[in-house]
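# Turn this into a structure:
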Amino acid sequence: MAAPTGLPASVIVLLLTVITLLAVTIHRGLAIDHSPGEPPIIKPRIPYIGHIIGIIRHGTKYFEIVNRNTRYPIYTLPTLSTRQYIVTSPQIAAQLQRQHKDLAFYNVILEVTRRLTSLKPSTMKIVMNNVNAEQGDWGLMPTMHDMFNTVLGRGESLKDLTRSQMSIFSEMLNDVAVGGECLDINLFQWIKSIFAFANAKSIYGPENIFALDPSLVDAFWDFEAGMLALIIDIFPSVTARKAYLGREAVAKALVDYVKEKRWHKASLLIQNRISINLSHGFTEAEAGRSEIILHFAILGNAVPSTFWILANIISRPDLLAQIRKEIQSAVDDNEDGSKNINLSTIESSCPLFVSTYRESLRMIGNLASLRYVLRDTVIGQHYLRKDSIIQVAGIIIHHDPQTWGQDSDQFNPRRFIKGQQASVADDADSEPSSGLDLREPAATQLPPGVPSAAFRLFGGGSVVCPGRHFAQSEILAFVAYLLMAFDISAPDGTTPIKLPPRDNEKIPLSVIKPKGDVKVSIKRRKGYEDVSWRLLADGQR
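Just a heads-up that it's a prediction; the model follows:
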């Protein structure tokens, strides 16, 4: 007998049976085995793929959206057949950082690196050999980790690198808007260009790839803009063509850079890094290609961070006046009429400026710290399963009112000055407190009652960003020069400029960028039209 569809009933029964069996098989294959001791699970509205859609739509902001009603300090987010643990509590984040032998950073980040750089399997085998130092302090990654911490830690090599950066910035900025001219620019784009040329020169030396071929700056930023599509890694030459072509152009130039031994004229950091890679078995071609990721490391966060710190100041005239007054204590006059800006004085005697720097970073710090669970372990009272991924949601922790106060979503430039966390910089005549201990390492001092793990900009634990000291120095120095030497206004001459909205609903690979650029006019400050300025680091003359 035929069914109303025209198909025999036996065929329909067979089809329904196959569909049912297929559905059961898929469900069993994708179902998450959630144990009672694990962090509470938040199930997606759309089975299996709902959370993936949410993350694609909202970026890391989704971690707050999905947890808005429950407010779990740590929870399980099932995605297809895998699980992620999302941490929203600085106290649990601190526990994770202490239990680093059971949790790995490199297992996650190096897979991302492979996809971004397209390194060969043979190269990745070298990289992954004893990657977590579980068999002792040997292997490429343990050696590289120690080298970065030594060279970029507070010592002579960091001082040398910082002095070089100060000289390069001074030379470049002294050529801006000279002779009374007014320079109209897109501010974010301009900072991208300045930092690309300056950082490449100080770190990779005078024969860096951007110096020899300036068109590669645009190629690099094409790569940076499309990194997410490269990480997805599905036919990237087609699906992420612009980023792919940018990457390959930069990679080709970096391979030549290594093969031609131009790295011998680079900073100690690069000389050591390339030597370590080659000594562990990298070919010259792979050593060159691997430098793509370090170019992102020295530019990807520094550029948007600098933009926001500068924009937060110049958009607030009262704050600008106070910070200029503060920086004046770091300015020396020379007999020839030129002026020096001393970085060491800024870092030790300009609390409002440094607090503004740290508050700006807090506001844009949406990155999630990643860990891979190497073995079943317990953090506090929470059971974490082997082979799961942990994400410490910086965007939630940085804006948590229980941690930072009821104004956690507002920009407060005095937040990091002791005793002034509740005040705002609206009074240009008020003096900033000197209560901030600026001798402390970069970006670590916090308001009373705020745990150290609540400031996520540079990660934490054994893999805290080794470049955080250099980053603070170059950003503060660059912004200080602009504030003292120039007036920056909207193109029609009105002040202050208007802040652009934050582009905070994308999957982040760097700190939050502006949604669009800001057109500004730069001209020399009245009375300083012909003044030459020099940025000086510790011991520099």
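
# what packs against the helix or strand harbouring R163?
Secondary structure from DSSP states H and E places R163 in helix 156-173. For helix 156-173, the packing partners by 3 or more CB pairs under 8 Å, 6 or more residues apart in numbering; DSSP states H and E come out as helix 140-152, helix 187-204, helix 268-279, helix 468-485, strand 533-536. Using the backbone N, CA and C atoms, a C-beta is placed for each residue, glycine as well.

# what's the burial count for T113?
When neighbours are defined as other CB atoms under 10 Å, T113 has 18 of them.

# Same question for R115.
Quick note: R115 (other CB under 10 Å) scores 15 neighbours.

# Just list the residues touching it, thanks.
L230, I231, I232, D233 (CB atoms under 8 Å, 6 or more residues apart in numbering).

# Over to P501?
P514, K515, G516 are the contacts of P501 under CB under 8 Å, 6+ apart.

# one more time with 7 Å
Residues counted as contacts of P501 (CB atoms under 7 Å, 6 or more residues apart in numbering) are K515.

# sec struct for I185, please.
strand (DSSP: H, G, I helix; E, B strand; the rest coil).

# partners of it in the sheet?
I185 has the following beta-bridge partners by DSSP bridges: V520.

# Identify the residue nearest L482 in space, chain neighbours excluded?
L310 (6.4 Å; CB to CB, 6 or more residues apart in numbering).

# between the helix or strand containing the one you found and helix 187-204, what angle do the directions make?
Following DSSP H and E, one finds L310 within helix 302-314. With axes from the mean of the first three to the mean of the last three CA atoms, to 10 degrees applied, the angle from helix 302-314 to helix 187-204 works out at 130 degrees.

# Whichever of the contacts of R115 end up buried, select them in PyMOL.
To isolate the buried ones among those in PyMOL, judged by 16 or more other CB atoms under 10 Å, type:
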select buried, resi 230+231
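
# related to what we said a few turns ago, so the residue nearest to L482 makes contact with V479?
Yes. L310 lies in contact with V479 (CB atoms under 7 Å); the separation is 5.1 Å.

# higher neighbour count, the two?
Between L310 and V479, V479 has the larger neighbour count (other CB under 10 Å), namely 26 against 22.

# so Q84 makes contact with Q391?
Yes. Contact criterion CB under 7 Å: Q84 and Q391 qualify, at 5.9 Å.

# so where does Y75 fall, helix or strand?
Here Y75, judged by DSSP H and E, is contained in strand 74-79.

# okay, now S118: neighbour count?
16.

# now F282
23.

# any idea how far the nearest residue to it once chain neighbours are set aside lies from I234?
Distances taken as CB to CB, 6+ apart place T123 nearest to F282, at 6.2 Å, with adjacent residues excluded. Per CB to CB, to the nearest Å, T123 is found 22 Å from I234.

# the more surrounded of those two?
Shown here are T123 and I234; by other CB under 10 Å, T123 has more neighbours (23 against 9).

# pLDDT wise, what is the more buried one at?
At T123, the model reports a pLDDT of 98.

# Tell me who's in contact with N208.
N208 sits in contact with A200, K201, where contact means CB under 7 Å, 6+ apart.

# Pull the contacting residues for V520.
Counted by CB under 7 Å, 6+ apart, V520 has contacts I185, L187, I488, S489, A490, P491, I497.

# where does V518 fall, phi/psi-wise?
Torsion angles at V518 (phi, psi; degrees, to the nearest 10) stand at phi -130, psi 120.

# Just list the residues touching it, thanks.
With contact taken as CB under 7 Å, 6+ apart, V518 is in contact with L187, F188, A311, I497, P500.

# which of the residues you listed has the most neighbours?
Highest count within the contacts of V518 by other CB under 10 Å belongs to A311, 23 neighbours.

# Was I right to think it contacts L499?
Yes. Counting by CB under 7 Å, L499 is a contact partner of A311 at 5.7 Å.

# can you map out the strands along the stretch 251-400 of the chain?
331-333, 339-342, 368-373, 377-379, 382-384, 389-393 (DSSP state E, counting those that start in this stretch).
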